[in-house]
Every structure is written in C-alpha cells, then in structure tokens.
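Chemist: this one's sequence-less:
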Ligand code: GLN
C-alpha cells in the first residue's frame, strides 16, 4: 500500500482522469466524472484501471462497442471488476472495442475506431484496442480486456505493451458480455510483467456465478527470475515461418538469441494441427456467438428500432438489422449455418474435433518443452481501412494466437523491438495454470 507522503492516491487518479479525458486516440467510450474516495490501505491503493466496454459496470454504460446496447447501464458489476475494486483499484473509464469483441482492429466499433498511439494512421489491433491504446499512450496505467482468439495478445503486440490471456477459467466470466463462452477469457494490459502479475492477482478466483471459473491453483507471485537456465522453449514450425512479415521474424529470432543467452534451450518442434486453428475457430466462435447474441431483441437491453411494422417479429428484425454492424451479422450467419441440422456434423462437430487435436498437440509438447514461443501477430499495426473490405485478411491476424485459445492455455505477449518503427510482440504460451512460471519467463526476457 502507498503510505501518505509518498504519493497522493487522489492526485494520481486525477492526473490520469485528466489525461483520459483529453485522449486523442478514441480509446475511451466513457471516463469517470470525478475522483472517487481512495482506499490507500488497500493493495492497489486506488490505482486507476481502464475497463473494456464489454465488462458490465453497474449504472455505467456497458455497450460492448455495439449500437444494439446503446444506453445500456447494467444493474450489476462483473465479478472480475468487483474483485479489482475490492483490491483497491478504481474505475477510470470504459474502453473502445470491436463490436462484441469481433475483430482484430477496433474498426468494428459503433463508436468509431481507436487509433494506434504510435502512428494515428494505423489500427491499435483488436478487439481490445481501446484498452491497449490507453496503456500505450499513458492515459491509463493499467487496463483489462478480453481475449477469445487473440484480442488481448494481438493489440498488446501492435501497441508495444504487455498483454496476458490467462488459462481459461482463471477469471470469472460473470458480467462479461458474451461472444463465444467456451473461449472468452479476461486478462490484463500493462507496461511491464511485474504489473501484469499485480493486476492479475486482483482479478483471479473462482466464482459461484460462473460454473466454468476455477481460479488459479496457487496465489499469483511477483516474478523474480533473472535467467532462463534449464527452460526448454519450443518453436512450432507451423506458427513461425510462412505468412510472418520478415521484420517480425527478425525480431522473433533476436529474442530467441536473447533467450539462449539467458540459458534457455531453443528447439524447433511441431504443433501439427495448429494451422487448422483459424478454420476451427471461425466456425466455433461464430456458432457460439449466434446463440449468445439471440438475446438482443429490442426488448431486454439497450436499443430498439423506431417505427417498426409487422408486429413483434417486425420489431425484432428491424432492431437487429439497425443495431448490429456488418461483422456481427456475418458471424451470426456463419454460426447459424454451422449449427443448422444439415451442416452440423460437417462443420460444428468437425471443428470441435479439430479443437481437441490442437489441445492434444500442446499436451504432447509439454512432455519436451516448458513453453511454446511464437511471434504474437504476423505483422505490425496496419493502416486504418486496409483490411476492412477483406474479412479473411483480417482473420489471418489471429493465426498465432487462436491455437492457445482453442486449447484454453495461457499466453502472454511481451514487446520485443520494432519493425519499421512499429512495435512487435513475442508470445510465450504454457500449460494450463502455469501462470507463475509463465510470468517468470516473460520477466526474465523483457
Ligand atoms: N480477432 C478474433 C475475432 O475476431 C478474436 C477476437 C477476440 O479475441 N475477441 O474473433
């Protein structure tokens, strides 16, 4: 805890609140109006935290980047956010995101795109782009986001900061507006790995409101490792060659050299099914989304279309037509198709089998390796608009991050240099519940 005389917690909050209000990158969809009471005896002593829009926050707009949730102020707060508050964190603002977390650039937000603080003609990545940009620009010291297929790790890489997607179930999903429930995972954005450990420690834990939450087997420790002696790193050939930009590969190889210098062994290995991750993910995630998004009908939440005809069905239809953006509609159509009775076995059931094979590839990897490492994203931040007309090009951003999501295992992206003046990320993935070891490895390498 911060002792009085060292740093005034209220002043600290006011400093960030002022910066957040003047934010030039459209990172925020809402900023706290005043400086709340600070509990300076708590673990976080009032540290301001920016929260992705899709976390439910009582009485505060929680719109998941969507017009269909316009004006929605939930009657309750997500468990993870309540845990942070209990640890003494203070809500600084809500951050911009791709609508319902569908996207890799934050251009799919109904509230306009977030800009990359390194180059405002470029995207910050997504879907948690506002959270990543706020920490990169120093408008928030810490932020939280969600990662379903890469939405924490990829924007962290593109904004030059640290992003952690913990093991599936480590943090409660209660109060996270759902995209794909078997993949959605909350996590952290910070400037260094020590902060990652601190912020994570304030979020984890089992929750009776989420039956898939389990917490972590041991308390989160502050990382201390100075070297990587005895650590075996596996470099999957499938995720570290073709399709990765040369500048990103060069930075990746430099970091592998650094790992060797720190005492790690680095070996090429195989995750034979990982290249099928994208195909499986883009069936499973839309399938779950099509079901989760059925609840937006103009009756229960947010937006309702005006002047509708055709009775109740007409109101539902016009509300969904006007309330959802193009990418969300695409996912609903893909997902409904994959789940339809004639195609279920060919698409949804097949994708589930591929998911199992990918998870097994990792289980096999842990027999010989402590961690698997890859570039986080295949390229650096791209120009705004460059991929909006080509969904498949956008989906390719998730090539290196989706396999870990399908397997439910933790992955962290740490900044590892620049390519053409833009930041690049290095991903370390470990076995389920290996967070403490993963943080140590990331700390030694950062
Ligand atoms: N870019 C991926 C998608 O559009 C992942 C998004 C996410 O992790 N929420 O689905």
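Modeler: Perfect, I can see it now. What you are looking at is a predicted structure, and each value in this text was computed from that prediction instead of being measured. Numbering: from 1, shown residues only.

Chemist: now do the contacts for the residue nearest to residue 328 when sequence neighbours are not counted.
Modeler: The shortest distance from residue 328 to any non-neighbouring residue, by C-beta to C-beta, 6 or more residues apart in numbering, is to residue 99 (5.3 Å). Every residue, glycine included, has its C-beta placed from N, CA and C. Applying C-beta atoms under 8 Å, 6 or more residues apart in numbering to residue 99 gives the contacts 64-66, 108-110, 324-325, 327-328.

Chemist: which bits of the stretch 301-446 of the chain sit near the ligand?
Modeler: residue 398 (C-beta under 6 Å from any ligand atom).

Chemist: can you give me the strands for the stretch 301-446 of the chain?
Modeler: Secondary structure of the stretch 301-446 of the chain (DSSP state E, counting those that start in this stretch): strands located at 371-375, 411-419, 422-429.

Chemist: save those as CSV, and put in mean neighbour count and mean pLDDT too.
Modeler: CSV is the format used below for the strands of the stretch 301-446 of the chain (neighbours: other C-beta atoms under 10 Å; pLDDT from 0 to 100):
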stretch, mean neighbour count, mean pLDDT
strand 371-375, 27, 98
strand 411-419, 24, 98
strand 422-429, 26, 98
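
Chemist: and of these, who's closest to residue 161?
Modeler: Of all the strands of the stretch 301-446 of the chain, the one in closest proximity to residue 161, counting by C-beta to C-beta, is strand 411-419 (6.4 Å).

Chemist: output the strands of the stretch 301-446 of the chain in CSV, with distance to residue 404 appended to each entry.
Modeler: CSV is the format used below for the strands of the stretch 301-446 of the chain (distance: least, C-beta to C-beta, whole Å):
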stretch, distance to residue 404
strand 371-375, 8
strand 411-419, 4
strand 422-429, 5
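
Chemist: could you list the domains of the chain?
Modeler: Following automatic domain parsing, one gets these domains for the chain: 1-271+355-446, 279-345.

Chemist: circling back to that earlier point, just put the contacts of residue 99 in TSV and tack on pLDDT and distance to residue 299.
Modeler: Listed next are the contacts of residue 99 as TSV, based on pLDDT from 0 to 100; distance: C-beta to C-beta, whole Å:
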residue	pLDDT	distance to residue 299
64	98	17
65	98	21
66	98	16
108	98	24
109	98	24
110	98	20
324	98	15
325	98	20
327	98	24
328	98	18
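
Chemist: just send the residues you listed back as JSON lines, with distance to residue 237 and neighbour count too.
Modeler: Conversion of those to JSON lines gives the following (distance: C-beta to C-beta, whole Å; neighbours: other C-beta atoms under 10 Å):
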{"residue": "64", "distance to residue 237": "37", "neighbour count": "31"}
{"residue": "65", "distance to residue 237": "36", "neighbour count": "32"}
{"residue": "66", "distance to residue 237": "39", "neighbour count": "29"}
{"residue": "108", "distance to residue 237": "32", "neighbour count": "25"}
{"residue": "109", "distance to residue 237": "36", "neighbour count": "27"}
{"residue": "110", "distance to residue 237": "40", "neighbour count": "21"}
{"residue": "324", "distance to residue 237": "39", "neighbour count": "22"}
{"residue": "325", "distance to residue 237": "37", "neighbour count": "20"}
{"residue": "327", "distance to residue 237": "32", "neighbour count": "18"}
{"residue": "328", "distance to residue 237": "35", "neighbour count": "29"}
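
Chemist: and which of the residues you listed is nearest to residue 170?
Modeler: Out of the contacts of residue 99, the member with the shortest distance to residue 170 (by C-beta to C-beta) is residue 64, at 21.6 Å.

Chemist: so which residues on the stretch 1-150 of the chain come close to the ligand?
Modeler: Counting by C-beta under 6 Å from any ligand atom, the stretch 1-150 of the chain sits next to the ligand at 101-104, 127, 147-150.

Chemist: most neighbours among those residues, which one is it?
Modeler: For those, neighbours were counted by other C-beta atoms under 10 Å; the highest total belongs to residue 127, with 35 neighbours.

Chemist: about what we covered before: okay, the domains of the chain, which one's buried deepest?
Modeler: Most buried of those, by mean neighbour count (mean count of other C-beta atoms under 10 Å): domain 1-271+355-446, with a mean of 22.

Chemist: so how far is the ligand from the nearest residue to residue 325 once chain neighbours are set aside?
Modeler: Leaving aside its chain neighbours, residue 325 sits nearest to residue 99 (4.9 Å; criterion: C-beta to C-beta, 6+ apart). Going from residue 99 to the ligand by C-beta to the nearest ligand atom, to the nearest Å gives 10 Å.

Chemist: ok, now residue 418?
Modeler: Taken as C-beta to the nearest ligand atom, the span from residue 418 to the ligand is 23 Å.

Chemist: ok, now which ones touch the nearest residue to that residue once chain neighbours are set aside?
Modeler: Residue nearest to residue 418 in three dimensions, not counting chain neighbours: residue 424, with 6.5 Å by C-beta to C-beta, 6+ apart. Applying C-beta under 8 Å, 6+ apart, we find residue 424 in contact with 157, 247-248, 251-252, 375-376, 380, 415-418.

Chemist: look up how far residue 397 lies from residue 424.
Modeler: The spacing between residue 424 and residue 397, counted by C-beta to C-beta, to the nearest Å, is 13 Å.

Chemist: same question for residue 175.
Modeler: 27 Å.

Chemist: for residue 28, give me phi and psi.
Modeler: Dihedral angles of residue 28 (phi, psi; degrees, to the nearest 10) stand at phi -110, psi 140.

Chemist: measure it to residue 60 for me?
Modeler: In this view, residue 28 and residue 60 are 12 Å apart by C-beta to C-beta.

Chemist: need the residues touching each of those two.
Modeler: In contact with both residue 28 and residue 60: residue 94, using C-beta under 8 Å, 6+ apart.

Chemist: for residue 106, which non-adjacent residue is closest in space?
Modeler: Nearest residue to residue 106, sequence neighbours excluded (C-beta to C-beta, 6+ apart): residue 129, at 2.9 Å.

Chemist: wait, the one you found touches residue 112, no?
Modeler: No. Using C-beta atoms under 8 Å, residue 129 is not in contact with residue 112, being 11.2 Å away.

Chemist: overlap of the contact sets of the two?
Modeler: Residues touching both residue 129 and residue 112 by C-beta under 8 Å, 6+ apart: residue 96.

Chemist: touching, residue 115 and residue 26? I think so.
Modeler: Yes. In this structure residue 115 lies within contact range of residue 26 using C-beta under 8 Å: 6.2 Å.

Chemist: who's in contact with the residue nearest to residue 106?
Modeler: 27, 96-98, 105-106, 113-114, 123, 155.

Chemist: nothing else from me, thank you.
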